[in-house]
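Asker: structure of the sequence below:
(one chain, ligands or ions: 1)
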Amino acid sequence: MITGLHLFLTYSCNFECDHCFVYSSPRARGTFTFSQIEKVLQEAKKIDSLEIIYFEGGEPFLYYPLMLRSARLAAEMGFKIGIVTNGYFAVSAADAEIWLEPLQELEIVDLSISNDSLHYGEESDNPATRALEAAKKLKIPAEVIEIEEPVITEETGSEENQKVKGAPVIGGSTLLRGRAVEKFAADLPQKDWQVFKECPAEELENPGRVHLDSYGNVHICQGLSIGNMTEEPLAEILLNYQARNHPICRPLIEGGPAQLAREYGLEPRQSYADACHFCYLLRRDLLEKFPRYLAPEQVYGLGD
Ligand code: SF4
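Answerer: Residues are numbered from 1 along each chain as shown. Got it, this is the predicted structure:
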């Protein structure tokens, strides 16, 4: 049952992190207009199970007036509001409060602030820390998102990894999709492609949330679309979605990335770091065949 819509308010970001799974950067294009957001919210009202609208990116505070007005409208329409940010705007404690006070008035239910070495190195007095302190002072529910670089460890990793007896497993919370594949995957231990028989991280059959972008894509996983809002109303896309009729989701459900490769006669190279690494590279090879379902190209590192 779908309960959340996550809007990539913009793909643009002041950072260009190694682990970013949508290839955000200062050059990345793709920002919602207010009129597009109004349409999204009107459609969202038609889906009874929807409770919360998240504004994220990229970095949504780069388009602060748009973010605020959109969040206000969503709140007026009865949705809970969440926002994900890297906190870059908190150049001082006092400034952080100025930026966050309007969110207090909106009674947002979650402010997620990225604060990790991939964003701010080892600097502990950083903008994200100041944003968190200001949020606490203003009594805005806030939490830190800390993404760790993938590391090789014998003790952590997914159950699937641990089934591969004797193999080192991968810890850290970076998802191997998007730019993270380019930056990290080659240095990690690899396993035979045939062991990746399931999608480990997304509810492809019955998604609880989807991501939307300004190009109209409705992402069930980053770059894996179940429809386009410019061609079909959002509510119809969500209410009519049947994973078993989707040319990419169906094989992933039936047998993970290994089945996706078999189904389309793709020749995997022998090994991959994890299922998402394998899936992401397969999908990139299928871009031309399924442009409607694998989009936008920029989250595959092709152009900004
Ligand atoms: S990248 Fe593929 S395998 Fe990984 S969560 Fe997304 S759909 Fe599933």
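Asker: for the ligand, see how far away residue 295 is.
Answerer: As judged by Cβ to the nearest ligand atom, to the nearest Å, residue 295 and the ligand stand 14 Å apart. C-beta here means a position set from N, CA and C on the backbone, and glycine is covered the same way.
Asker: how about residue 263?
Answerer: 14 Å.
Asker: and for that residue, the neighbour number?
Answerer: By the criterion of other Cβ atoms under 10 Å, residue 263 has 16 neighbours.
Asker: same check, this time on the one 4 residues further on
Answerer: Using other Cβ under 10 Å, residue 267 is surrounded by 7 other residues.
Asker: name the helix or strand for the nearest residue to it once chain neighbours are set aside, please.
Answerer: Spatial nearest neighbour of residue 267, excluding adjacent residues (Cβ to Cβ, 6 or more residues apart in numbering): residue 261 at 7.8 Å. Taking DSSP states H and E as the definition, one finds residue 261 inside helix 249-263.
Asker: any weak-confidence spans in the stretch 1-150 of the chain?
Answerer: The model of the stretch 1-150 of the chain has pLDDT under 70 over residues 148-150.
Asker: quick one: the helices in it?
Answerer: Along the stretch 1-150 of the chain, the segments classed as helices by DSSP state H, counting those that start in this stretch run 34-44, 64-76, 93-106, 117-120, 127-137.
Asker: show me what the longest one is packed up against.
Answerer: Counting contacts by 3 or more Cβ pairs under 8 Å, 6 or more residues apart in numbering; DSSP states H and E, helix 93-106 is packed against helix 64-76, helix 127-137.
Asker: quick check: buried residues in stretch 4-16?
Answerer: For stretch 4-16, a neighbour-count test (16 or more other Cβ atoms under 10 Å) marks 4, 5, 6, 7, 8, 9, 10, 11, 12, 13, 15 as buried.
Asker: so what's residue 238 up against?
Answerer: Neighbour list for residue 238: 2, 47, 210, 218 [criterion: Cβ atoms under 8 Å, 6 or more residues apart in numbering].
Asker: meant to ask about residue 135, not that
Answerer: Residue 135 neighbours (Cβ under 8 Å, 6+ apart): 96, 100, 111, 113, 141, 142.
Asker: and for the residue of the stretch 51-200 of the chain found nearest the ligand, nearest residue in space, chain neighbours not counted?
Answerer: Distances between the stretch 51-200 of the chain and the ligand by Cβ to the nearest ligand atom are smallest at residue 199, namely 3.2 Å. Among residues not flanking residue 199 along the chain, residue 252 sits closest, at 4.9 Å (Cβ to Cβ, 6+ apart).
Asker: per-residue confidence for the one you found?
Answerer: Reading off the confidence values, residue 252 has pLDDT 98.
Asker: give me the contacts around the helix or strand hosting residue 181.
Answerer: Counting by DSSP H and E, the element that carries residue 181 is helix 179-184. Defining contact as Cβ under 8 Å, 6+ apart, one finds that helix 179-184 is touched by 17-21, 23, 149-150, 174, 176, 273, 277, 280-281, 301.
Asker: now with 10 Å, please.
Answerer: For helix 179-184, contacts defined as Cβ atoms under 10 Å, 6 or more residues apart in numbering pick out 16-25, 118, 147, 149-151, 170, 172, 174-176, 272-273, 276-278, 280-281, 284, 299-301.
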